[in-house]
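> after the sequence you'll find the predicted model.
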Amino acid sequence: MQLQRFPLIILAFAIGGCSVPNDAELEQERTTSADAAIRSLPVDDWCKAEADRDIEAKMKLFTTDAVLMPPGNSDVIGQQAIRAWHEKMWQGTKYQCSGTIDEVQVSGDWGMVRGTFSGVFTPASGAPQPSSGRFLNTVQQQADGSWKIASGIWNSELPLPGAAAAATSLEGAWVVTSWTDADGNTNDDPQPALYIFTATHYSIMIAQGDEPRAGYEGDDMSDAEKLGAYDTLIANAGRYEIDGNVLKTRAYVAKDTNYMGGWPENEATYEFELDGDSLTIKSLTFAIGFTNTLRQVEGTPNPW
């Protein structure tokens, strides 16, 4: 009888002494394993392939129909296109990077991983450049249990190439609040003067002198009076460029016809400094030389 009961005793002991994982526990175990596998994709494996410029190692990270969404580019879809994109981007360049995972989410065979990256990019020609930003990937589990990137998008935390120019944008209307001549004489109560800058064009109207300009009486004025009125006015308009802290203008129309003409032979250059709504412009072109201090105004300029 005891021999007959022995298997039942063993079975009862097994059931009572060992717990069988339930569905929630199994899912938690699977999620933990998936989390670890997913975390290595966009940081360890990605950065190692980038540093080694190992295209085969890089391609192993993607599904066959993966989609990349690089900054400043259209979508790169599928393994063949992704390979070609990398081969083109990698030509003559180097990249060392590292990353941090901020979030991983898993649901069934799909996952999401979000994080940041930083590194140093060395172009084919030129000095190494810092690189840092954020990324977001969707990942998919494959038939063999591995995880691969199904889509990826990233952006840079560094200013865009045009951001430096935007930071020194002269766009707007500016009235002159101070005028200093080549001899260092300063007039803090100058006659009306207005600079207007759009994204690409400018207009300048400056009334010179310490005294208000005489009223224009047309034919009733003497030639000397007309000349005096003419000589106290600076007026020109056209296109401009910014190169660092140098402003270059080319007049399309001007009071002085000799000032009109092609670029660069007839361009005027100025050194400028921008501080909020305050602008200082120093002439670098003309022998007379001058330095203007300007204040930006909103809407229709009316400083009086």
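Done, it's in.
> going forward, measure contacts and count neighbours with C-alpha atoms only.
OK.
> ok, which stretches of the stretch 101-250 of the chain are helices?
Per DSSP state H, counting those that start in this stretch, the stretch 101-250 of the chain carries helices over the ranges 163-167, 223-231.
> please save the CA atoms from the longest one in CSV.
This means helix 223-231. Output in CSV follows, covering the C-alpha atoms of helix 223-231 (Å, rounded to 0.1, in the frame of the first residue of the first chain):
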residue,chain,number,x,y,z
ASP,A,223,21.6,126.4,-55.6
ALA,A,224,23.6,126.7,-52.4
GLU,A,225,20.4,126.0,-50.3
LYS,A,226,19.6,123.0,-52.5
LEU,A,227,23.1,121.7,-52.2
GLY,A,228,22.9,122.1,-48.5
ALA,A,229,19.7,120.1,-48.3
TYR,A,230,21.2,117.4,-50.6
ASP,A,231,24.5,117.1,-48.7
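> can you tell me which of the helices of the stretch 101-250 of the chain the model trusts least?
Note on those: helix 163-167 shows the lowest mean pLDDT, a mean of 47.
> shaky segments in the stretch 51-200 of the chain?
By pLDDT under 70, the low-scoring segments of the stretch 51-200 of the chain are 159-168.
> could you tell me how many residues sit around Pro130?
Counted by other Cα atoms under 10 Å, the residues lying close to Pro130 total 14.
> is it in a bridge, and if so with what?
Val120 (DSSP bridges).
> before we move on, what about the one 4 residues further on?
For Arg134, the beta-bridge partners are Thr116, Asn155 (DSSP bridges).
> list the contacts for it?
With contact taken as Cα atoms under 8 Å, 6 or more residues apart in numbering, Arg134 is in contact with 114-117, 154-157.
> closest one of those to Leu136?
Relative to Leu136, the closest of the contacts of Arg134 is Arg114; by Cα to Cα it sits at 4.6 Å.
> I figured the closest one hits Asp102, correct?
Yes - Arg114 lies in contact with Asp102 (Cα atoms under 8 Å); the separation is 5.7 Å.
> who's more crowded, these two?
The residue with more neighbours, out of Arg114 and Asp102, is Arg114; 20 against 11, by other Cα under 10 Å.
> relative to Gly72, how far out is the more buried one?
Noted for Arg114: a distance of 20 Å to Gly72, by Cα to Cα, to the nearest Å.
> same deal with Ser203?
Distance from Ser203 to Gly72, by Cα to Cα: 34 Å.
> wait, is Ala84 part of a helix?
Yes - with DSSP: H, G, I helix; E, B strand; the rest coil as the criterion, Ala84 is located in a helix.
> compare neighbour counts for Ser203 and Gly72 and give me the winner.
Ser203 (21 against 7).
> that one: what's it in contact with?
195-197, 235-238.
> got it, and Asn137?
Residues in contact with Asn137 (Cα under 8 Å, 6+ apart) are 42, 112-114, 149-153.
> quick one: Thr291 from Thr177, how far?
Applying Cα to Cα to Thr291 and Thr177 gives a distance of 11 Å.
> before we move on, what about Glu87?
Counting by Cα to Cα, the gap from Glu87 to Thr177 is 56 Å.
> more crowded one of those two?
Thr177 (21 against 14).
> which ones are touching that one?
Neighbour list for Thr177: 188-190, 292-295 [criterion: Cα under 8 Å, 6+ apart].
> hmm, back to that, just the buried residues out of the contacts of Arg134, in PyMOL syntax.
Those of the contacts of Arg134 that count as buried under 16 or more other Cα atoms under 10 Å are selected in PyMOL with:
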select buried, resi 114+115+116+117+154+155
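> nearest spatial neighbour of Ser156, chain-adjacent residues omitted?
Spatial nearest neighbour of Ser156, excluding adjacent residues (Cα to Cα, 6 or more residues apart in numbering): Gly133 at 4.1 Å.
> can you tell me how far the one you found is from Pro70?
12 Å.
> re earlier: just the contacts of Asn137 now: which is nearest Thr269?
Looking across the contacts of Asn137 and measuring by Cα to Cα, the closest to Thr269 is Ile153, at 42.5 Å.
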